[in-house]
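Below: sequence and its predicted model.
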Amino acid sequence: MESNAGKIVGQMMEKDFFSQWLGIQLLETKEGFCRLSMTIREEMCNGFSIAHGGIAYSLADSAVAFASNAHGRHAVSIETSISHIRPLMAGDVITAIATEKSISNKIAIYEVQVVKDNGPLVALFKGTVYRKNTEWLNESV
C-alpha cells in the first residue's frame, strides 16, 4: 500500500510539467525527506558547456517541495539559496537529497545535498517553506 507521502508527491508530479521536462526520477520520499535524480542533457548546458546553474537549483527546489508537502499540508518556498561547488556536464547523473532540519506549525527548513553519480557534492541548497493550513488529503489524494 502506498503511503500518504507517496500519494501526495505522485499527485504533485502529475501536474509538475517542469520537473517532468527535467526528467526527474523519484527515488524515495517520506515526511520531511526526498531523494530525486536526473541526467544532465545537452540543452541544459550554457555557453561554457557546463550545466546552467538553474538545473541543479531546480532539482533541489523540487526535492524540497516534495519533502515538505509530504507531511500532508501545502507548503511553498519563501526563501532559497544554493552554493555551486563543482561543474556539471551533459551526461552527468545527479541526485538531490532533501533533509528536514527544522519544522514548526508555519515554517520548515530543509537542506539539500546535490551529488554527482552518488559521489562528490556538487551543490548545497537551503530552502525555507511556509506551511499553509490547506491539507492534501482533503483534495482526494
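On my side now, so go ahead. Note that the structure is a prediction, hence the values are computed from the model and not measured.

So what pairs up with the spatially closest residue to Gly32 that is not a sequence neighbour in the strands?
Distances taken as CB to CB, 6 or more residues apart in numbering place Glu100 nearest to Gly32, at 3.4 Å, with adjacent residues excluded. No exception for glycine: its C-beta is placed from N, CA and C like everyone else's. Beta-bridge pairing for Glu100 (DSSP bridges): Tyr110.

Give me the pLDDT value at Glu100.
Residue-level confidence at Glu100 comes out at 98, pLDDT.

what about it, how many neighbours?
For Glu100, the neighbour count with other CB atoms under 10 Å is 19.

Just say helix, strand or coil for the residue sitting nearest the centre point of the chain.
In the chain, the centroid-proximal residue (CA atoms, centre = their mean) is Ala63; its distance is 1.5 Å. Recorded secondary structure, Ala63: helix (DSSP: H, G, I helix; E, B strand; the rest coil).

Now that it has come up, it's in contact with Arg35, right?
Yes - contact criterion CB atoms under 8 Å: Ala63 and Arg35 qualify, at 7.4 Å.

Next, the contact list for the residue nearest to Gly32, please.
Gly32, Phe33, Ala67, Ser68, Ala108, Ile109, Tyr110 (CB atoms under 8 Å, 6 or more residues apart in numbering).
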